[in-house]
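J.: structure of the sequence below:
(3 chains)
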Amino acid sequence: FSFSASMPTQKVSWRIQARQVSYEDKRKLYIAENDVVITGGKTRLEADYVEFSDITKEAFAKGNVLFISGKDTITCTSMNINLNSETGTINQGTIFIQDNNYYISGETLRKTGEFTYDAEKGSITTCEGKTPDWKITGKDIEVTIDGYGHASHAVLWAKKMPTLYAPYFLFPAKTTRQTGLLLPMAGYSDNMGFEYQQPLFLALSDNTDATLYPYYMSDRGVMLSGEYRYILSPESKGIMMMSYLEDKTVGDDTNENQDYNISATPDRTNHDRYWFRMKHDQELWYGFDAKLNIDYVSDMDYLRTFTDGFAGFDSTDDAFEDMFGRDLDAETDYTRENSLVVTKNWFSYGLNIEALWYDNIKARRTDIDDTTLQTLPSVEFFAARRKIAGDSGLYYKMDSEFTSFYRQDTTDTAVTGQRADLHPIFYYPIKFGKAFFIEPYAGVRGTVWNTDDFTDSDGDDADTRTRGLYEMGMDLSTSLSRVFTLDADFAEKIQHKIVPGLAYDYIPSVDQEDLPYFDAVDDISEENIITWSLTNTFTSRHTITDENGQESRTYKELLWFSLSQGYDIRYERDGDDADEDPWQDLTLKYELNPLKYLRSDGTIAFDPNTSHFTKIQVGGMVSDNRGDSLYMSYRYSKSYSHTWKTKLSTNLVPDTLGAYYSIEKDLEDRKTVETGVGISINRPCWGLNLAFTDESADKSFAFMVILKGIGGFGTK
Amino acid sequence: CGYRLAGGGFIHNDVTRVSVAIFENKSTESRAGISFTNELIREITAKTDTIVVDADNATRKISGTVQSITFSTLSRSSSEDVTERQVNARVDVVLTGTGGKVLWSVKNFSASESYDVSSNTVNDEANKREAVDLIAERVAERLVSQITNDF
Amino acid sequence: AQENKTADKKQPPADLKITSDKMVAGKDQSMVEFTGNVKAVRADSILLADSLKVFFHTSKTQKEDQSNVKRILATGNVEYTEGARKAFSDQANYDTAEEILILTGEQTQARLLTGKSWISGKKITLFKTQDRVVVESSEKTRVEAFFDAEDQGGSL
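T.: Below you'll find the predicted structure:
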């Protein structure tokens, strides 16, 4: 009997094990019965009964069927599968996709390729067990080659109860690119009405993707947001996002619009609400690279209203921070930074060319004069601290800058103009013996302004003005240390290092009345201060010997604190009629981090003349290995703010039930800024976060269900 | 009393000469890279016997990246106006020997500093810059102390 | 040892030719035993074994068109080759009436090969008429079949 193979079979050898195997020549089939195991390549099929054709590699299996291929596992009552092409039909089965812990089950399922499946009237869940805590049933479910799953007419069930319907639903079955992909978000809130968001993910190519976020709000209308991400190379990438809503509401303090108004901002009358934001990193030639940041929003209320949701402020802020290491201005900032920065670093020189445009929304919206200072552009050139020549022992560093300032509207003091500034500083570090260090320094600074519409207080309207000033000073320090042997288990030695230091800084007083004012460079105040400081560091040493006797020492900074105080010689000279006292605040700064479970840092400043504290800013966190933690922060500064913040979070049942309580008080006006309380339930395949936040003006209740592996949905 | 004059000693206990490249900077604080570099060089010169030299006459090199500088709210007088914000910086630093072999490295070295929020954007930027410079000083001090620990 | 003796089987389908070192015939002519590298050839199948017993029908038991050989029992290093098929076992028993060949393994598993693919088990039964092969396992070891990738799907 000889046959020719009809199917294009890859070169895979198959092996069958069973209680009994028989071969029927008529049907050209091997019939294996009882504890049948067929293995080949990375596929394994187990069943009570299997009919296997060695020619076509087709197999029909029934009875406790288990099929494992790569990371996916299929269990079913019966199955027809071609072991080579791994395609076939599955009856009453469940497909387990290990990548993201998905179970797809259904009456009839089809395996359409090595990684692709589809199912009519199937269900998806990430929970184990016969009756999963939640599941999503869909009319036709499909897992595609790019790793995404699509389901139409999807219904979310909580145990036996249908809770949510979505005409079309997308889930990240196997892909790791789960960027911002979430279950449709539905909910209700008083300032949105009924909300429904459904993300549509478009994997355009392997390094670009786009997501559309249609967002229906019964009170306001439909907002369309689009996000386009692209990665050109590890150094060149970008995210571009645009949102647009024709808002039915206006935000003023009449009571029918009261829900839609933000009290701290002027009335919002515009209906067109939009926000374009973008960040882009671009690697240019010759070692130049560019960073672009764009943030253009239609009105002052927008970012405060649309903070949650997929394309909201918070998720955009997080996405930018993750991908670029730089985030957005806060949502309460009404002058928002847009900038293009081109930089080039040689080994010890740096060049920054920056165009900076602060979009003043308030001025734009209420068309008052916009005197916001814009920088179009500024060119900064730095020479990092380096030896001047040979071994003269003289070091220098230099900051230099040319800036062209611009303002849309000018006043007689807020003008436009250019400024060039050159500021080299020379250091002469000397070492005495082993531990004494003296470093005198001297610097000069030349600055030129060119303004054509500025007249100073004496009536002089010259275009160009110059200023030259110098600075000098000296740093002295030494360092003492002692090592205590401890032989505690967490450390066997602790070193206490003390660095006493003395610094003198002098800048002469220069008349700068005739200069235009753009920023702090245009008004450098006189300085004549001696500052003493005492810095202490406690470091522990812990030696670990690993299995092959290799000893490695780890050092850990347990506590760092520094005491410092300045003595202002200017006031000493003026004697009694000085309006200030020579002794400045005695300041203590500390950072304490001895154990994993204890962390604290703070600054305390004491004014010796009035013997009052001018600053007490102390904060810290105590936690335990069970995951409970208590965070406290008390911040008082005499002239500025006086607040208290504490947050207690406990892990009632470790990684299943957690709760937190937080309160933030403004002690100055004795009122509570925000209190928050929340519970989080964390189950293997789902989670629930309930949070109640009371911000005096508005109370909000957030309810978020997270279906592990798919995403979260809930209300604001 | 057991305290003796210490200080000096070479970084990574035998590096006599090192060159320090300007830190790459991924944040929008355009001066962060240069101020971290300057502070690190000042701290090495002050606290160790290692001499900082130019690129071409040192086999050991320190290079770093300011991975991120982000801002978070510290204290608010009401849910609308923020009075103090915190600057959080994350830095990676690596000491490499001949052929780029990594001798010592630290990743996600973080430090933070608070600053007073000003309604005037120019002053707010100045306060931010001052906080970043303070962070640069503090990071340089802790890095040099860690890299010279050999008790 | 006696010279080889060949017993022709005159049945129409194929002659059975057996050679061996020694042959012993039973007294009542109902069983002949061949011993010593026995080789039995019939049509395209060859059977090798250490010893082979051929059982003949007595006049009562023989039906008209049947060959006079009732049963063949081979024991010891049995090797059976038929076309592309090749089998090894400790014992082989062939019943001419039902045309069923049963190969059983005592110390080692009985094994049936085609090209590089093979199947092994405690007992292999080849049903000639229905073109069926059944392989059964013992308690300890299960039936194993191996299909080599290179084979073009030869059947057992």
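J.: distance check, A:Lys708 against A:Cys685.
T.: 5 Å (C-beta to C-beta, to the nearest Å). To be clear about C-beta, it is placed using only N, CA and C from the backbone, and glycine gets the same treatment.
J.: what about the strands in the stretch 201-350 of chain A?
T.: For the stretch 201-350 of chain A, applying DSSP state E, counting those that start in this stretch gives strands covering A:208-217, A:221-231, A:237-246, A:272-283, A:288-297, A:335-345, A:349-360.
J.: tell me the secondary structure for the residue nearest to the spatial centre of chain C?
T.: The centre of chain C sits closest to C:Ala92, judged by C-alpha atoms, centre = their mean, with a distance of 4.7 Å. Here C:Ala92 is recorded as strand under DSSP: H, G, I helix; E, B strand; the rest coil.
J.: mind listing the helices for the chain?
T.: Defaulting to chain A. A:302-305, A:313-324, A:361-366, A:569-573 (DSSP state H).
J.: correction: the question concerned chain B.
T.: Counting by DSSP H, the helices of chain B are B:32-47, B:121-147.
J.: now the first one: average pLDDT?
T.: Model confidence over helix B:32-47 averages 93 on the pLDDT scale.
J.: can I get the CA coordinates of that helix in PDB?
T.: Extracted C-alpha coordinates of helix B:32-47, given in PDB (Å, rounded to 0.1, in the frame of the first residue of the first chain):
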ATOM      1  CA  ALA B  32      18.500  70.800  33.200                       C
ATOM      2  CA  GLY B  33      21.200  68.900  31.300                       C
ATOM      3  CA  ILE B  34      23.800  71.500  31.700                       C
ATOM      4  CA  SER B  35      23.100  72.200  35.400                       C
ATOM      5  CA  PHE B  36      23.200  68.500  36.300                       C
ATOM      6  CA  THR B  37      26.600  68.300  34.500                       C
ATOM      7  CA  ASN B  38      28.100  71.400  36.200                       C
ATOM      8  CA  GLU B  39      27.000  70.300  39.600                       C
ATOM      9  CA  LEU B  40      28.400  66.800  39.200                       C
ATOM     10  CA  ILE B  41      31.700  68.200  38.000                       C
ATOM     11  CA  ARG B  42      31.800  70.700  40.900                       C
ATOM     12  CA  GLU B  43      31.000  67.900  43.500                       C
ATOM     13  CA  ILE B  44      33.700  65.600  42.000                       C
ATOM     14  CA  THR B  45      36.200  68.300  42.200                       C
ATOM     15  CA  ALA B  46      35.300  69.300  45.700                       C
ATOM     16  CA  LYS B  47      34.800  66.000  47.400                       C
END
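J.: hmm, that helix touching chain A?
T.: Yes. Residues of helix B:32-47 contacting chain A under C-beta under 8 Å from any C-beta of the partner chain: B:Gly33, B:Ile34, B:Thr37, B:Asn38, B:Ile41, B:Arg42, B:Thr45, B:Ala46, B:Lys47.
J.: centre of the chain versus that helix, how much separation?
T.: 7 Å (C-alpha atoms, centre = their mean, to the nearest Å).
J.: what does the longest one give?
T.: If you compare the mean C-alpha spot of helix B:121-147 with that of the full chain, they lie 7 Å apart, counting by C-alpha atoms, centre = their mean.
J.: and chain A, is that helix touching that?
T.: Yes. Contact of helix B:121-147 with chain A (C-beta under 8 Å from any C-beta) involves B:Thr121, B:Val122, B:Asn123, B:Glu125, B:Ala126, B:Glu141, B:Arg142, B:Ser145, B:Gln146.
J.: relative to strand A:349-360, how tilted is that helix?
T.: 140 degrees (axes from the mean of the first three to the mean of the last three C-alpha atoms, to 10 degrees).
J.: buried residues in helix B:121-147?
T.: B:121-122, B:124-129, B:131-147 (16 or more other C-beta atoms under 10 Å in any protein chain shown).
J.: what's the answer for stretch A:377-390, then?
T.: A:Pro377, A:Ser378, A:Glu380, A:Phe381, A:Phe382, A:Ala383, A:Ala384, A:Arg385, A:Arg386, A:Lys387.
J.: what's the answer for stretch A:474-491, then?
T.: Buried-residue list, stretch A:474-491, by 16+ other C-beta under 10 Å: A:Met474, A:Asp475, A:Leu476, A:Ser477, A:Thr478, A:Ser479, A:Leu480, A:Ser481, A:Val483, A:Ala491.
J.: relative to A:Asp253, which of those is nearest.
T.: Here the nearest of the buried residues of stretch A:474-491 to A:Asp253, counting by C-beta to C-beta, is A:Asp475; it sits at 57.2 Å.
J.: of the buried residues of stretch A:377-390, which ones also sit close to chain B?
T.: Restricting those to those near chain B - C-beta under 8 Å from any C-beta - leaves A:Glu380, A:Phe382, A:Ala384, A:Arg385, A:Arg386, A:Lys387.
J.: point out the residues in chain C that sit beside chain A.
T.: Neighbours of chain A within chain C, by C-beta under 8 Å from any C-beta: C:83-84, C:117, C:119, C:121, C:130-137, C:142-156.
J.: in strands, which of the residues you listed fall?
T.: C:117, C:119, C:121, C:132-136, C:143-147 (DSSP state E).
J.: pipe those into JSON lines and attach distance to B:Val66 per row.
T.: Below are those laid out as JSON lines (distance: C-beta to C-beta, whole Å):
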{"residue": "C:Ser117", "distance to B:Val66": "64"}
{"residue": "C:Ile119", "distance to B:Val66": "68"}
{"residue": "C:Gly121", "distance to B:Val66": "70"}
{"residue": "C:Arg132", "distance to B:Val66": "77"}
{"residue": "C:Val133", "distance to B:Val66": "74"}
{"residue": "C:Val134", "distance to B:Val66": "75"}
{"residue": "C:Val135", "distance to B:Val66": "71"}
{"residue": "C:Glu136", "distance to B:Val66": "73"}
{"residue": "C:Val143", "distance to B:Val66": "67"}
{"residue": "C:Glu144", "distance to B:Val66": "63"}
{"residue": "C:Ala145", "distance to B:Val66": "64"}
{"residue": "C:Phe146", "distance to B:Val66": "61"}
{"residue": "C:Phe147", "distance to B:Val66": "61"}
